[in-house]
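[1] here's a sequence, model it:
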Amino acid sequence: MKELKHLNKYFKKYWFKLLLGILITIIARVFSLVMPSYVSKSINVVNQLTTDAIDKATAKELLLQYILVIIGTALLSALFTFLMRQTIINVSRYIEYDLKNEVFDHYQILNLNFYKRNRIGDLMNRISEDVTQVRMYGGPAIMYGIQTLTLFVCLVPLMFIKAPTIAFYTLIPLPILSVLIYQISKIIHQRSTKVQEYLSTLSTFAQESFSGVAVIKAYGLEPQINEDVVGLATEGKNTSMDLAKVNAWFFPLMILLIGISNIFVIYIGGKQYIVGEISLGVIAEFILYVNMLTWPVAVVGWLTSIVQRAEASQKRINEFLKVTPEISNTSAARSTISGKIEFKAVSFTYPDTGILALDKVSFTINPGETVAILGKTGSGKSTILDLVARLYDATEGEIRIDNIPIQEVNLDDLRNNIGAVPQDAFLFSDTIANNIRFGKEDATQAEIEKVAKAAVVHKNIKGFTNQYNTILGERGITLSGGQKQRVSIARALIKDPKIFLFDDCLSAVDTETEEKILYNLKSASENKTTLIVSHRISSAKSADKILILEDGKIIQAGSHQELNNLEGYYKQLYLDQLTEKD
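    Predicted coordinates:
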């Protein structure tokens, strides 16, 4: 159970409720133990009545008293059982809430490489299915475990006090059951881990299939996907059946051993009753005791299964919680961002692929300047933007923000002062207004419409039935590519940051719309540092400085006029695009 030690901090957090629940559980079990002894007394009264050892009036009075005691203790036991569930089960829900938040918070601070190495379906399964399995350990397992322990601690000594010989024979099967449970539990642990791993695989496959349904339909891959699902389902069935077969041994074994205990009670007790060593009521009392032990003994197996499943799930959760984020906020002091950016012999190699994206790149951008970055696909343009936003740290060289090494700048302040528009615009399944408001939580409707006009998307939005309250599909699938890009631009503009990062964010719009957006962006980005990655000269020609990248190196740098007067990549690209436009 070493993996489950991670939950100890939550048990400490809710120690009072947990302790109260344990106390109530013990009280509930103690009250339930009163009933068998009074049943025994009632049977003895009836037996005495049949032998004329007691008169009817006295017998009625005693039976009434015993019945009232039985009913009263049963009601009290029921009340405390209800309170038990209201405390311990609630604690398990609190733990589930805290653990899900812990996992999600940790997911958010992990860098991009983590998400490249792990699939979304697996991430989702660990925060949902695995946490649910752990919750069962933090609630039902503790509750029923305390119930079982209390019953054994109280009941076993009581049985030996009442009739030691019967008690001895009655409890003989229990050690055998313990050994069997121990052996079976080891197998359950192994097979539970396989089941959880399968669920992650299935979640990942389903998530990817639903996200890529357009590609599946376009290529007619439905039969192949169906075959894959059948294969996964068969594997899942076999894995779950392997676990179910082991679990299936528990209850039959327990019922068999409890049945043997009942036979011992009747046989040994009957012999003692015949010779007058015990009363008839004691036999009945012991039958009730044995049956009271049936559920706790059965629960031992179920609890073992719960703990083993929780151990397997918590181990999977801990694997991710132990991942240390490569990018972390190293500065507790607040940073004021002006917008100066310096690259000093910066090189960067992607750790997952080993590709050298930047090779000793150096440049300086002063606050308020607009710099365009052009180059062929794979030349390292987007990598520069990722390094400015510190989504990665440079492999070599130094990046400085306002003359301070970027690692020493408060990470939260840095990113709060950046308005980024990625090449592949991502929109959330929410209203258009809320997607724009993502850049500024308290933005008014007037502010939202103002930036939408600047992004030249206001007319498109007004044309929708619900206008700004239109609910977008997953990843903004309701909108066209150009509309998604423009909504993303509006989201960056409403943030009003010190640094704008535009990563080829006009690739899906026509030339006329592009010119309108660029004109609006020029006024919106006044006195703000702006980096524009593009393949179009039209997006770059008005920039204060243009950088041309090739194979991770800067091969040309200057203004539009300066580069256009030089033979090279920029002039050739300008002439080619001018010809295309004509």
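[2] what about the strands in the protein?
    341-349, 356-365, 370-375, 396-401, 404-405, 418-421, 499-503, 529-533, 545-550, 553-558 (DSSP state E).
[3] out of these, nearest to residue 198?
    Minimum separation from residue 198 across these (Cβ to Cβ) falls at strand 341-349, 35.5 Å. Where you see a C-beta, it was placed from the backbone N, CA and C, and this is true even at glycine.
[4] neighbouring contacts of that closest one?
    Contact partners of strand 341-349, identified using Cβ atoms under 8 Å, 6 or more residues apart in numbering, comprise 355-365, 380, 383-384, 387-388, 392, 394-401, 403, 499, 529, 531, 552.
[5] so where's the stretch 51-200 of the chain uncertain?
    51-53, 178, 181-182, 185, 189 (pLDDT under 70).
[6] would you turn the strands of the chain into TSV with mean neighbour count and mean pLDDT?
    TSV is the format used below for these (neighbours: other Cβ atoms under 10 Å; pLDDT from 0 to 100):
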stretch	mean neighbour count	mean pLDDT
strand 341-349	19	88
strand 356-365	18	86
strand 370-375	24	86
strand 396-401	18	88
strand 404-405	14	87
strand 418-421	24	84
strand 499-503	24	85
strand 529-533	25	87
strand 545-550	22	86
strand 553-558	16	85
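[7] between the ones you listed, which gets nearest to residue 517?
    strand 499-503 (9.9 Å).
[8] now tabulate the strands of the chain in a markdown table and tack on distance to residue 186.
    Formatted as a markdown table, these follow (distance: least, Cβ to Cβ, whole Å):
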| stretch | distance to residue 186 |
| --- | --- |
| strand 341-349 | 45 |
| strand 356-365 | 49 |
| strand 370-375 | 59 |
| strand 396-401 | 50 |
| strand 404-405 | 53 |
| strand 418-421 | 51 |
| strand 499-503 | 53 |
| strand 529-533 | 56 |
| strand 545-550 | 58 |
| strand 553-558 | 59 |
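[9] among these, which is nearest residue 176?
    The closest of the strands of the chain to residue 176 is strand 341-349. By Cβ to Cβ, the value is 61.8 Å.
[10] tell me which strands the closest one pairs with, and in which orientation.
    strand 356-365 (antiparallel), strand 396-401 (antiparallel) (DSSP bridges).
[11] any idea how far the longest one is from the chain center?
    When you say that, I think you mean strand 356-365. In terms of Cα atoms, centre = their mean, to the nearest Å, the centre of strand 356-365 is set 38 Å apart from its chain centre.
[12] helices or strands next to the longest helix along the chain in the packing?
    The longest helix of the chain (DSSP state H) is helix 280-321. In this structure, helix 280-321 packs against helix 34-50, helix 90-109, helix 131-136, helix 142-162, helix 164-171, helix 173-211, helix 250-274, with contacts taken as 3 or more Cβ pairs under 8 Å, 6 or more residues apart in numbering; DSSP states H and E.
[13] low-confidence stretches in the stretch 451-582 of the chain?
    Applying pLDDT under 70 to the stretch 451-582 of the chain flags residues 473-478, 508-509, 577-582.
[14] helices of that one, start to end?
    For the stretch 451-582 of the chain, helices defined by DSSP state H, counting those that start in this stretch occupy the ranges 458-462, 481-495, 511-524, 537-540, 560-564, 569-581.
[15] mind listing residues that contact the fifth one?
    Outside of helix 560-564, the residues within contact range by Cβ under 8 Å, 6+ apart are 537, 540, 541, 542, 543, 546, 548, 556, 570, 571, 574.
[16] which among those residues count as buried?
    Taking 16 or more other Cβ atoms under 10 Å as the criterion, what is buried in the contacts of helix 560-564 is 537, 540, 541, 542, 543, 546, 548, 556, 570, 574.
[17] for residue 216, see how far away residue 225 is.
    Here the criterion is Cβ to Cβ, to the nearest Å. By it, residue 225 lies 6 Å from residue 216.
[18] hang on, I meant residue 334
    Going from residue 334 to residue 216 by Cβ to Cβ gives 49 Å.
[19] next: residue 561.
    50 Å.
[20] so between those two, which is more surrounded?
    Remark: of residue 561 and residue 216, residue 216 carries more neighbours, 16 against 8, as counted by other Cβ atoms under 10 Å.
[21] okay but the more buried one is in contact with residue 226, surely?
    No: if you go by Cβ atoms under 8 Å, residue 216 and residue 226 don't touch, sitting 10.3 Å apart.
[22] quick one: buried residues of stretch 518-525?
    518, 520, 521, 524, 525.
[23] nearest spatial neighbour of the second one, skipping sequence neighbours?
    Closest residue to residue 520 apart from its sequence neighbours, by Cβ to Cβ, 6 or more residues apart in numbering: residue 454 at 4.2 Å.
[24] roughly how far apart are that neighbour and residue 66?
    As judged by Cβ to Cβ, residue 454 and residue 66 stand 85 Å apart.
[25] ok, residue 106 next?
    In terms of Cβ to Cβ, residue 106 sits 59 Å off from residue 66.
[26] and what of residue 293?
    23 Å.
[27] looking at these two, which is more packed in?
    residue 293 (23 against 20).
[28] who are the contact partners of the more buried one?
    151, 152, 155, 258, 261.
[29] for these, give me JSON lines that also has distance to residue 139 and neighbour count.
    As requested, the contacts of residue 293 are arranged in JSON lines below (distance: Cβ to Cβ, whole Å; neighbours: other Cβ atoms under 10 Å):
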{"residue": "151", "distance to residue 139": "19", "neighbour count": "22"}
{"residue": "152", "distance to residue 139": "21", "neighbour count": "17"}
{"residue": "155", "distance to residue 139": "24", "neighbour count": "21"}
{"residue": "258", "distance to residue 139": "26", "neighbour count": "21"}
{"residue": "261", "distance to residue 139": "30", "neighbour count": "25"}
